[in-house]
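**Q** whatever this is, show me its structure:
(one chain, ligands or ions: 1)
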Amino acid sequence: MSLQNLLTETIKASGPLPLSAYMALCLTHPDYGYYTTHNPIGAEGDFITAPEISQMFGELIGLWAVHEWQARGASKPFSLVEFGPGRGTLTADALHAAQLRPGFLQAMQLYMCEASPRLQAEQRVKLAPHQPHYITSVSELPAQPTFIIANEFFDALPIDQYRLTDTGWVMRTIALDENEQLTFSETSTTPPAIIAATNSRDWVEHSAASNTIMADLCSHLQQYKGAALIIDYGHLGPEGAPLAGDTLQAVRRHQYVDPLTTPGEADLTAHVDFGALAHIAHNHGCRVGYMTQGEFLTMLGIAERAAQLNDQAALARLTAPDQMGTLFKVLLVRA
Ligand code: SAH
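**A** Sure, this is the predicted structure:
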């Protein structure tokens, strides 16, 4: 059995798959999923992320966490949580910087949410001194102030795409063509209300998985106090009114590929709809800030740190508008 066969059999038996179901199988199927079976990140992997470019990224996020923790009375104990920790580099660098503040590590309990057993094993080694606990949902976190980090996590969560046609709303599905190859198709559907309100004839995206996690996270913060830092590529449309556009992409060995030709072998992602996430945060009574990655890192002092480390190349990659500085956004949520 391969994922290709599994998808073919599933579609033959139950009809076209919604895009979100296809993405979920491709990314996190226990035996064939991309994240469950690959080491995706790094030069030998499929893509590179900010913490793997330079230690400065994690260090500055560590200072952010210390600041947020202090601003809420330096509570003991507190939870530090990372969603989608990859190789564990971000948290390792963050804690290296955060240990400069006496008491922080002693008060911290570290939690991680990670779908990939391989990456989990790598994280356990890298973060052994900090004894990470693994969770599968926000509801498993203890009742105490919580500081949450998610870098390039939300883009990896499944989305659906909808559009209005002359015969009504359709959603994007994956079907089989006459040669039993995977092909994009459309299936009539009733979209979520927020999508229906757009009347969009172009694809509009909706990530039920992202929205659920965001809502859980915001109600936890509201109840126990804390903050979240969500960094990803994406856009901020008007809150609660998703922008039109197909942002589904597949990346394999640092190249864009067709999302249907190598299921389970390529990273499938979509741009994060920060307007949707901010809307959920506001609905939960949280305060929200939004800026580009370049602005955020500059505000935290990356230029000074780059001068110390003599690494102007990493500074440019992380902050320059034509590199990661502008495409990547930061959503700050506080309660
Ligand atoms: N934050 C890291 C890794 C980003 S890649 C970095 O910046 O380098 C995406 C990460 O999210 C990987 O660790 C992947 O295994 C994890 N992931 C993807 N989907 C997930 C899910 N549904 N639940 C938990 N973790 C998930």
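**Q** which SSE is immediately downstream of the least confident helix or strand in the chain by mean pLDDT?
**A** Taking mean pLDDT, DSSP states H and E as the measure, helix 34-37 is the helix or strand of the chain with the lowest mean score, a mean of 92. Later in the chain than helix 34-37, the nearest helix or strand by DSSP states H and E is helix 50-53.
**Q** in terms of secondary structure, what does that next one contact?
**A** Secondary-structure packing of helix 50-53 (3 or more C-beta pairs under 8 Å, 6 or more residues apart in numbering; DSSP states H and E): helix 55-71, helix 89-98, helix 312-319. (Glycine included, C-beta is placed from N, CA and C.)
**Q** send me the least confident helix or strand of the chain as PDB with only the CA atoms.
**A** Taking C-alpha atoms only, helix 34-37 is exported to PDB below (Å, rounded to 0.1, in the frame of the first residue of the first chain):
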ATOM      1  CA  TYR A  34       4.600  13.900   5.000                       C
ATOM      2  CA  TYR A  35       5.400  15.100   8.500                       C
ATOM      3  CA  THR A  36       5.100  11.600  10.000                       C
ATOM      4  CA  THR A  37       7.600  10.000   7.600                       C
END
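**Q** and that helix, what's buried?
**A** Buried residues in helix 34-37, counted by 16 or more other C-beta atoms under 10 Å: 34-37.
**Q** just how off-centre is that helix within its chain?
**A** Offset of helix 34-37 from its chain centre (C-alpha atoms, centre = their mean, to the nearest Å): 16 Å.
**Q** same question, stretch 296-305
**A** 23 Å.
**Q** which other residues reach it?
**A** Stretch 296-305 is contacted by residues 56-57, 59-60, 63-64, 231, 291, 315, 318-319, 330 when judged by C-beta atoms under 8 Å, 6 or more residues apart in numbering.
**Q** again, 10 Å this time
**A** Stretch 296-305 has contacts (C-beta atoms under 10 Å, 6 or more residues apart in numbering) with 50, 54-57, 59-64, 67, 97, 229, 231, 289-294, 306, 311-312, 314-315, 318-319, 324-325, 328-330, 332.
**Q** and that stretch, is it in reach of the ligand?
**A** No: on the criterion C-beta under 6 Å from any ligand atom, stretch 296-305 is out of touch with the ligand, staying 13.9 Å away.
**Q** show the average pLDDT along that stretch.
**A** For stretch 296-305, the mean pLDDT works out to 98.
**Q** among the contacts of stretch 296-305, which ones are buried?
**A** 50, 54-57, 59-64, 97, 229, 231, 290, 292-294, 306, 311, 314-315, 318-319, 324-325, 328-330, 332.
**Q** spit out the contact partners of the spatially most central residue of the chain.
**A** In the chain, the centroid-proximal residue (C-alpha atoms, centre = their mean) is Phe153; its distance is 1.7 Å. Taking C-beta under 10 Å, 6+ apart as the criterion, Phe153 is in contact with 82-86, 113-115, 210, 213, 230-232, 272.
**Q** quick one: which of these is the most crowded by neighbours?
**A** Val272 (30 neighbours; other C-beta atoms under 10 Å).
**Q** tell me the phi and psi of it?
**A** For Val272, the backbone dihedrals (degrees, to the nearest 10) come out as phi -80, psi 130.
**Q** how about Ile48?
**A** Main-chain dihedrals, Ile48, degrees, to the nearest 10: phi -120, psi 150.
**Q** which residues of the stretch 101-250 of the chain lie near the ligand?
**A** By the rule C-beta under 6 Å from any ligand atom, the part of the stretch 101-250 of the chain lying against the ligand is 113-116, 119, 151-153, 156-157.
**Q** can you put these in TSV and add secondary structure and distance to Met1?
**A** As requested, those are exported to TSV (DSSP: H, G, I helix; E, B strand; the rest coil; distance: C-beta to C-beta, whole Å):
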residue	secondary structure	distance to Met1
Cys113	strand	28
Glu114	coil	25
Ala115	coil	20
Ser116	coil	20
Leu119	helix	24
Asn151	strand	34
Glu152	coil	30
Phe153	coil	29
Ala156	helix	24
Leu157	coil	25
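**Q** reformat these as JSON lines; add pLDDT.
**A** What follows is those, written out as JSON lines (pLDDT from 0 to 100):
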{"residue": "Cys113", "pLDDT": "98"}
{"residue": "Glu114", "pLDDT": "97"}
{"residue": "Ala115", "pLDDT": "94"}
{"residue": "Ser116", "pLDDT": "94"}
{"residue": "Leu119", "pLDDT": "95"}
{"residue": "Asn151", "pLDDT": "98"}
{"residue": "Glu152", "pLDDT": "97"}
{"residue": "Phe153", "pLDDT": "98"}
{"residue": "Ala156", "pLDDT": "97"}
{"residue": "Leu157", "pLDDT": "98"}
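**Q** perfect, that will be all.
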